[in-house]
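[1] Quick one, fold the following:
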Amino acid sequence: MLTPRWGQRSLSGRALALLGLFAFFLFLPGRASTPPFDRDEPRYMEATAQMLESGNFVDVRFQDKPRYLQPAGIYWLEAASVAATGTLKSRAVWAYRLPSLLAMTASVVLTAWMASVLFGATAGLGAGMLLMVSVLVTAENRMGTIDSTLLLTVLLAQAGLLRALCDREAGRVTPVKTALLYWGAIGCGLMLKGPVILIPSLATPLCLAAVERNFSLWRRLRPVWGWLVSLAILLPWCVAIGVVSHGEFFRRAVGTNFLGKVASGQQAHGLPPGYHLLVFLIAFWPGSFFAAAALPAVWKNRALLPVKYLLCWIIPHWVVFEAIATKLPHYVLPTYPAIAILTAGMLAQGSPVWAGWPRALWARFGLGVYGVLWAVAGVALALAGPLLLWKLEHVVSPAALILTAGSLPLLGLSIFFIWRSELRKALLTSAACAMLLYTGLFLVVVPRLQSIWLAPRLTALAQSHHPCAEMDVSSVSFSEPSLVFLMGGKVHLEGPEDAARRMLGNESCAVALVDVQKSEAFLASLGPARSRVRTYGSVTGVNYSNGHHLTISLYGFGQ
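    Below you'll find the model as predicted:
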């Protein structure tokens, strides 16, 4: 059985700062070179840009349509980043991604601190590393969306809860500032994504109280007045948007977006229960195998308070999002720090040789199969860069091949250590493999995948032809939000007939981006004027959002 550390060997401030600095630099590659990633990210970016241009920080809009999905918190954070960096006119994508970078870096540090409080310094470093190198965290921290900042608010609330738990176990009085941290973090989470923050933040202490039959921890959080702190953060904007939208925001955000995801799969994301468990193999790679290997030790130590606390964090949130109809991998991201802490806590105990393998034959067989799948996933990730460049761009990249050649031996060494039951060494080598893969992917591979980055190429094509100062652009065949953002919001997403009417009404300034499959309908709608239409270049590629192969030409009237 484990012995709780309760801060006796927690990580020093210097160690946490160094870990945060390392995570920051690991997360940097690809932040500026990767174009807006359809479809959610450029919607946030464009709405933020319009917020700054209009000066309206209450009513969030994407072009002329209200964006009533969640509160305005993420747009305020991105707007502050863009304003501070002076990049509004240039539409530099990296500025919109800064909040995600800083939030995920802080999340790694908080995860390491919490693990060190619960299981010691070694577990702290291991937990921070497990979270830092996971595939889902690698993707999410590079996108200007809500999930990285939401994760930070979840961890801040859990940090307050953990401090209260430590005070209870030490027989100390929990200070008011701990309760303020807890409820303040919940209020910030509500401003980011509405009631989602309540699932991990309220379910954890209430579930733990039910398991222990002891509500003293909950009372230490001052719930009698604490919820007023959260409400004070959320309520001013809610009143403002309620007045501006005449209540429409609440009907859409709560009735359609939030409750709609519970009842039915939105945007073709309806999937059966068990989805998140299956995706976990890739989403938490390389930590997924180590989490599975630690399960027997978790079960053995389930009566210990640190383990109970973490399970009460993980299980309610996971069950809720397996139960709802709409499923996306990042929905269970708030549980990943707890999984990392629990896994690192188990691996940090005892001798370097792992003795916690399951005893039952069926369990050993299942873990063995999972290990094989884990190794296959690692090989696939290692080969992905060169294969993508060959398949999509028809080029052989020596740099990508060198990175693959460097990562595969590290993966092989990890498998060797697993075979020898040296899981700590296996974790270190697989983490090194992941770091090498991600750095190569975002520095070497992603910037060269030109065929899938249609929006930047279409923007460059349209901007290369300037019939007049205020060009009027229609896009008939490519309606992704990334094009709207890169065009500064000044593009009309419409059908071939509407685009033709727009060009006929403004022959000197209007142009149209039309795919070859819709070009005949577009030209026919121009009538006799089609004889005067010229083509100013074309772009060929793949719309990765729907898999459609497109050849899009820029049409305009010859002058």
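
[2] any idea which element the residue nearest to residue 197 when sequence neighbours are not counted lies in?
    Spatially, and ignoring its direct neighbours in sequence, residue 197 is nearest to residue 189 (2.8 Å; Cβ to Cβ, 6 or more residues apart in numbering). Where C-beta positions appear, they are placed from N, C-alpha and C, glycine not excepted. Remark: residue 189 resides in helix 176-193, with elements defined by DSSP states H and E.

[3] So what does residue 540 look like in phi/psi?
    Dihedral angles of residue 540 (phi, psi; degrees, to the nearest 10) stand at phi -120, psi 140.

[4] give me the number of residues near it?
    Other residues near residue 540 come to 14 when the count uses other Cβ atoms under 10 Å.

[5] Let me see the ranges of the helices in the stretch 301-450 of the chain.
    Taking DSSP state H, counting those that start in this stretch as the criterion, the stretch 301-450 of the chain contains helices spanning 305-323, 336-347, 361-388, 398-419, 423-440.

[6] most packed of the ones you listed?
    Among the helices of the stretch 301-450 of the chain, the stretch with the highest mean neighbour count (mean count of other Cβ atoms under 10 Å) is helix 336-347, at a mean of 29.

[7] For the stretch 451-559 of the chain, give me the ranges with low pLDDT.
    Where the stretch 451-559 of the chain drops to pLDDT under 70, the residues are 559.

[8] er, the stretch 151-300 of the chain I mean
    255-270.

[9] Tell me how many other residues crowd residue 121.
    Using other Cβ under 10 Å, residue 121 has 19 neighbouring residues.

[10] which phi and psi does the residue nearest the centre of the chain have?
    By Cα atoms, centre = their mean, the chain has its centre lying nearest to residue 140, at 2.6 Å. Main-chain torsions, residue 140, degrees, to the nearest 10: phi -70, psi -40.

[11] which residues does it contact?
    Contact analysis of residue 140 by Cβ atoms under 8 Å, 6 or more residues apart in numbering lists 100, 104, 147-148, 151, 330, 333.

[12] The same query, at a cut-off of 10 Å, please.
    Residue 140 sits next to 100, 103-104, 134, 146-148, 150-151, 283, 329-330, 333, 336 when contact means Cβ atoms under 10 Å, 6 or more residues apart in numbering.

[13] The residue nearest to residue 197: how many residues sit nearby?
    31.

[14] Check the one 10 residues further on too.
    A count of neighbours around residue 199, defined by other Cβ under 10 Å, yields 19.

[15] in its sheet, what does the helix or strand harbouring residue 550 sit against?
    Assessed by DSSP H and E, residue 550 sits inside strand 548-557. If you go by DSSP bridges, strand 548-557 pairs up with strand 510-515 (antiparallel), strand 533-543 (antiparallel).

[16] Could you dump these into TSV with distance to residue 12 added?
    What follows is these, written out as TSV (distance: least, Cβ to Cβ, whole Å):
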stretch	distance to residue 12
strand 510-515	56
strand 533-543	49
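
[17] Identify whichever of these lies nearest to residue 477.
    Taking Cβ to Cβ, strand 510-515 is the member of these nearest to residue 477, at 3.2 Å.

[18] If you drop the residues flanking it in sequence, what lies closest to residue 76?
    residue 57 is the one closest to residue 76 (Cβ to Cβ, 6+ apart), at 6.7 Å.

[19] Surely that neighbour forms part of a helix?
    No - counting by DSSP: H, G, I helix; E, B strand; the rest coil, residue 57 is not found in a helix; it is coil.

[20] Quick one: closest of the strands paired with strand 548-557 to residue 401.
    Among the strands paired with strand 548-557, the nearest to residue 401 by Cβ to Cβ is strand 533-543 (23.1 Å).

[21] Can you dump the C-alpha atoms of the closest one in PDB for me?
    The C-alpha trace of strand 533-543 is given here as PDB (Å, rounded to 0.1, in the frame of the first residue of the first chain):
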ATOM      1  CA  VAL A 533     -14.900  36.900 -68.000                       C
ATOM      2  CA  ARG A 534     -11.200  36.200 -67.500                       C
ATOM      3  CA  THR A 535      -9.400  33.700 -65.200                       C
ATOM      4  CA  TYR A 536      -6.600  35.000 -63.100                       C
ATOM      5  CA  GLY A 537      -5.100  31.800 -61.900                       C
ATOM      6  CA  SER A 538      -6.300  28.700 -60.000                       C
ATOM      7  CA  VAL A 539      -5.500  26.600 -56.900                       C
ATOM      8  CA  THR A 540      -5.700  22.900 -56.600                       C
ATOM      9  CA  GLY A 541      -5.900  20.900 -53.300                       C
ATOM     10  CA  VAL A 542      -7.900  19.000 -50.800                       C
ATOM     11  CA  ASN A 543     -10.500  20.400 -48.300                       C
END
